[in-house]
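Participant: Model the following, please.
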Amino acid sequence: MLPTTIEEIKQGLMAWTCMNCGSLFEESDIRQITEGTSLKCGKCGVSLEIGLYRK
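Facilitator: Numbers count the residues shown, from 1 in each chain. Below is the predicted model:
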């Protein structure tokens, strides 16, 4: 087993996904949701808010 690199950890922390379908969000989508506005997933259409990610 190979050790996890710092870069891999960084990428994992920065990867936001839809809680319904698992698709990755773009950087602009992440900015939108962290600013407090809801985000509609482009793949499955579910509406997400920052509160879902702060549990």
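Participant: Phi, psi for Glu49 please.
Facilitator: Backbone torsions of Glu49, given as degrees, to the nearest 10, read phi -130, psi 160.
Participant: Thr5 versus the residue nearest to it when sequence neighbours are not counted, what's the distance?
Facilitator: Leaving out its chain neighbours, the residue that sits closest to Glu49 by Cβ to Cβ, 6 or more residues apart in numbering is Ser38, at 4.9 Å. C-beta: built from backbone N, CA, C; applies to glycine. Computed as Cβ to Cβ, to the nearest Å, the Ser38 to Thr5 distance reads 34 Å.
Participant: Same check on Cys41?
Facilitator: Applying Cβ to Cβ to Cys41 and Thr5 gives a distance of 30 Å.
Participant: Name the residue in those two with the higher neighbour count.
Facilitator: Between Cys41 and Thr5, counted using other Cβ atoms under 10 Å, the more crowded position is Cys41 (18 against 9).
Participant: Apart from its neighbours in sequence, what residue is nearest that one?
Facilitator: In space, Cys41 comes closest to Cys18 once its chain neighbours are excluded; the distance is 4.4 Å by Cβ to Cβ, 6+ apart.
Participant: Pretty sure the one you found sits against Leu48.
Facilitator: Yes - if you go by Cβ atoms under 8 Å, Cys18 and Leu48 touch, sitting 6.7 Å apart.
Participant: hang on, the earlier thing: burial count for the residue nearest to Cys41?
Facilitator: Summarising burial for Cys18: neighbours were counted as other Cβ under 10 Å, giving 19.
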